[in-house]
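K.L.:
how would this look folded up:
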Amino acid sequence: QEILDSVSRQAEFLSSHLTPVANWRIAELDALVFTALRFPMLPNAERLLRLGVCGMRNALATQFLPDGVHMERTPSYANWMTDVAVNYYELAKLFPNVDARVDSGLLIRALDYGAQSDLFGVNDSTAPLRDPAELSGLKTRTSVLRRLGLEGSAAALPPLEQVFPRAGQVFLRSGWKPGADYIAFDASTWGGGHGHLSRLSFVFRSKGRMLVADPGILTYEMSDPRGPYGKSTAAHSTLNIAGRNQSGADAQLTRTEFTADAALIQARYQGGYWEGNYGWNFGRGRGSGTYGDHERVLFWVKGEYLLVLDSMAADTGSDIRNCWQLGPVEKWSRDPGALAWWSENQDVNLWLQLIVAPAGAVMESFEGSREPLRGWVGVHGNDSVPAPLVEFRYSAVTPGPVVSAVLLAAYEGGTRPAFAVKQRRDSSRGSIHHLELGLPDGASDHIAWSNGLALPVDDGEPFTTDGTFVWRRTDAAGRGTKHFVLNGSYLNHRGSPVF
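P.N.:
Presented below is the predicted three-dimensional model:
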């Protein structure tokens, strides 16, 4: 009886001291419902049950975004909250008076997110360094849908390209199996203390290996310098100014476009860059800041390469840093003159090169550095391992946007892919930008885009179109074989119509 009396008093105290938001509130409400159902003989059981169920209904309805992602935008916490929602969907069938009104459509979207984000490692989560033998998020989705009788309401597999617009996260993959190409893009809206200052970063995995990494959580102890560092902008594969942090402002996911051959993501961050240290929050304020408007376009030629186009508008003289946190490797090399870096693993490797380089660009590489703290990737949720971080630095020489392009390609073995960059003029400035890539098989990719993807590519060098981004492949004989035009109704290449 003493134990039951203690449980009753503790539950009563909890019921009047509930945390107002996030996973803590849901966990506390769950404890009230669990206690009331398990110990119906408690004098306050009926009141605890009513309070817990009503509170749970409200919390689940408001903490999940309409796209199915939990408000904290962090896979590990989203999975936990989805598990709770699944339990209450089932609980309502067993106990009609315990109905939290879980929406089945929202639940399916939440399970989709769990499957898609399994290998992401964004924010306060981690991802495996190698693909597991089984995709656990997909397995969970399949088993839960079957258990809840929802197989008929959902596709057998989530789509290969899926956008979660309210969370600001995009997932692309070549297949639902270990070893497939996988891209997860972070244009997140802010989700609170578990979020990182990582807008416009992304993850790239291929052939079972983490190639471009999100550092994830290095440690939950924010008195350890690794804690704030792992959440900092400089620790992520995005741009910053002089090592400063983003503000925590939302990114804007402005455009996604997918075809059988390629995929394009466009996003923008306009919240400036700040000297303040971020742990669970900016406890001492953001400090002094500087203007910076970063726009990123990620273009994926499926199965071949990634082209990352960055534009940073900043005050003249600003120190722009273009960072790439990579996955752990066995060995690596670099060519500072060519602004190129490559891994030297026995199996799968990554080629990374700044192919549109603003004037004066230089590169620096770190791996497991403690002073300065650079080049770490989280494992197990409270530990980290050394991993290369490549940083390109260049200055804003005018108040207008500074444009750069980075080429990334996965390959097997020790023979690096033979890309030839052909440029007729400086593509880091102006309003329309051009790039020609010679491919290993002798074909060429012709690429042009306008600032902000807002103007037609109509300068005739070599394209004329009302589209704002163009990619066209020609074979070794100069014959067109593939193309991708964003928002275009026609395309002329060197004066000849393509469509």
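
K.L.:
Could you list the low-pLDDT ranges of this structure?
P.N.:
424-428 (pLDDT under 70).

K.L.:
just checking, next helix/strand downstream of the lengthiest strand in it?
P.N.:
If you go by DSSP state E, the chain has its longest strand at strand 401-412. Next helix or strand after strand 401-412 toward the C-terminus (DSSP states H and E): strand 420-422.

K.L.:
Sheet partners, orientation included, of that following strand?
P.N.:
Using DSSP bridges, the strands paired with strand 420-422 are strand 432-438 (antiparallel).

K.L.:
Now do the buried residues in the partner strand.
P.N.:
Buried residues in strand 432-438, defined by neighbour count with 16 or more other CB atoms under 10 Å: Ile432, His433, His434, Leu435, Glu436, Leu437. Heads up, the C-betas are built off the backbone N, CA and C, glycines and all.

K.L.:
Could you verify my assumption that Ser444 touches Arg473?
P.N.:
Yes. Between Ser444 and Arg473 there is a contact under CB atoms under 8 Å: 7.1 Å.

K.L.:
neighbour-wise, which of those two wins?
P.N.:
Comparing Ser444 with Arg473 by neighbour count (other CB atoms under 10 Å), the higher total belongs to Arg473, at 21 against 16.

K.L.:
give me every residue that touches that one.
P.N.:
Residues counted as contacts of Arg473 (CB atoms under 8 Å, 6 or more residues apart in numbering) are Leu439, Ala443, Ser444, Asp445, His446, Gly480, Thr481, Lys482, His483.

K.L.:
Across the sheet, point out what pairs with the third one.
P.N.:
With beta bridges defined as DSSP bridges, Ser444 has these partners: Gly438, Thr474.

K.L.:
how much space between it and His194?
P.N.:
With distances taken as CB to CB, to the nearest Å, Ser444 is found 45 Å from His194.

K.L.:
Check the fifth one too.
P.N.:
If you measure His446 against His194 using CB to CB, the figure is 43 Å.

K.L.:
Tell me the spacing between the residue nearest to Ala418 when sequence neighbours are not counted and Pro386.
P.N.:
Setting aside the residues directly before and after it, Ala418 is nearest to Pro440 in space (CB to CB, 6 or more residues apart in numbering), at 4.7 Å. Per CB to CB, Pro440 is found 31 Å from Pro386.

K.L.:
same question, Leu119
P.N.:
Look at Leu119 and Pro386: by CB to CB, they are 20 Å apart.

K.L.:
These two: who's more crowded?
P.N.:
Leu119 (22 against 16).

K.L.:
hang on, isn't the more buried one packed against Ala184?
P.N.:
Yes. With contacts counted by CB under 8 Å, Leu119 reaches Ala184, the gap being 7.2 Å.

K.L.:
which residues are in contact with both of those two?
P.N.:
Val203.

K.L.:
Could you count how many residues lie near Ala454?
P.N.:
Neighbour count of Ala454, defined by other CB under 10 Å: 9.

K.L.:
Quick one: end-to-end distance for stretch 402-420.
P.N.:
23 Å (CA to CA, to the nearest Å).

K.L.:
nope, stretch 362-376 is what I meant
P.N.:
End-to-end distance for stretch 362-376: 21 Å, by CA to CA.

K.L.:
likewise stretch 295-306?
P.N.:
Terminal residues of stretch 295-306 are spaced 16 Å apart (CA to CA).

K.L.:
That stretch: which residues count as buried?
P.N.:
Neighbour counts over stretch 295-306 (16+ other CB under 10 Å) mark Glu295, Arg296, Val297, Leu298, Phe299, Trp300, Val301, Glu304, Tyr305, Leu306 as buried.

K.L.:
on that earlier part again, can you give me how far the longest strand of the chain is from the chain middle?
P.N.:
17 Å (CA atoms, centre = their mean, to the nearest Å).

K.L.:
So what are the sheet partners of it and their directions?
P.N.:
strand 305-314 (antiparallel), strand 348-356 (antiparallel).

K.L.:
In JSON lines, list those strands along with distance to Gly248.
P.N.:
As requested, the strands paired with strand 401-412 are exported to JSON lines (distance: least, CB to CB, whole Å):
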{"stretch": "strand 305-314", "distance to Gly248": "19"}
{"stretch": "strand 348-356", "distance to Gly248": "28"}
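
K.L.:
Run a quick check on Ser288 versus Glu275, I expect a contact.
P.N.:
Yes. Using CB under 8 Å, Ser288 is in contact with Glu275, at 5.3 Å.

K.L.:
The two - which one has more neighbours?
P.N.:
Glu275 (14 against 10).

K.L.:
OK, contacts around the more buried one?
P.N.:
Contacts of Glu275 (CB under 8 Å, 6+ apart): Arg244, Asn245, Arg286, Gly287, Ser288, Gly289.

K.L.:
at 7 Å what do you get?
P.N.:
If you count contacts by CB atoms under 7 Å, 6 or more residues apart in numbering, Glu275 has them with Arg244, Gly287, Ser288.

K.L.:
that older thread, is it possible to mark the buried ones in the contacts of Arg473?
P.N.:
If we count by 16+ other CB under 10 Å, the contacts of Arg473 have these buried: Leu439, Ala443, Ser444, Asp445, His446, Lys482, His483.

K.L.:
Let's verify the fifth one: helix, strand, or coil?
P.N.:
Read that as His446. Put simply, His446 is strand when judged by DSSP: H, G, I helix; E, B strand; the rest coil.

K.L.:
so which strand or helix has the nearest residue to it once chain neighbours are set aside?
P.N.:
Leaving aside its sequence neighbours, His446 sits nearest to Arg472 (CB to CB, 6+ apart; 4.9 Å). Using DSSP H and E, Arg472 sits within strand 469-474.

K.L.:
Report the next helix or strand after that strand in sequence order.
P.N.:
strand 480-486.

K.L.:
which outside residues touch the helix or strand that that next one is followed by?
P.N.:
Per DSSP H and E, the first helix or strand lying C-terminal to strand 480-486 is strand 491-493. The contact list for strand 491-493 (CB under 7 Å, 6+ apart) reads Pro462, Phe463, Thr464, Thr465, Gly467, Val470, Arg472, Gly480, His483, Val485, Val498, Phe499.

K.L.:
List the strands paired with the very next helix or strand once past strand 491-493, with their directions.
P.N.:
Next helix or strand after strand 491-493 toward the C-terminus (DSSP H and E): strand 496-497. Strand 496-497 pairs in its sheet with strand 491-493 (antiparallel), by DSSP bridges.

K.L.:
buried sites along the strand it pairs with?
P.N.:
Buried residues in strand 491-493, defined by neighbour count with 16+ other CB under 10 Å: Leu491, His493.

K.L.:
tell me the contacts of the closest residue to Tyr182 other than its chain neighbours?
P.N.:
Distances taken as CB to CB, 6+ apart place Arg205 nearest to Tyr182, at 4.2 Å, with adjacent residues excluded. Applying CB under 7 Å, 6+ apart, one finds that Arg205 lies in contact with Leu119, Asp131, Tyr182, Leu211.

K.L.:
Contact partners for the residue lying closest to the first one once chain neighbours are set aside?
P.N.:
Ranked by CB to CB, 6+ apart and with sequence neighbours excluded, the top spatial neighbour of Leu119 is Ala127, at 5.1 Å. Applying CB under 7 Å, 6+ apart, we find Ala127 in contact with Leu119, Phe120, Gly121, Met210, Gly216.

K.L.:
Filter those down to just the buried residues.
P.N.:
Buried subset of the contacts of Ala127 (neighbour count, 16+ other CB under 10 Å): Leu119, Phe120, Gly121, Met210, Gly216.

K.L.:
Okay, and which of those residues map to strands?
P.N.:
Going by DSSP E, the strands hold Met210 from the buried ones among the contacts of Ala127.

K.L.:
Pretty sure Leu106 sits against Phe64.
P.N.:
Yes. With contact defined as CB atoms under 7 Å, Leu106 reaches Phe64; the gap is 5.8 Å.
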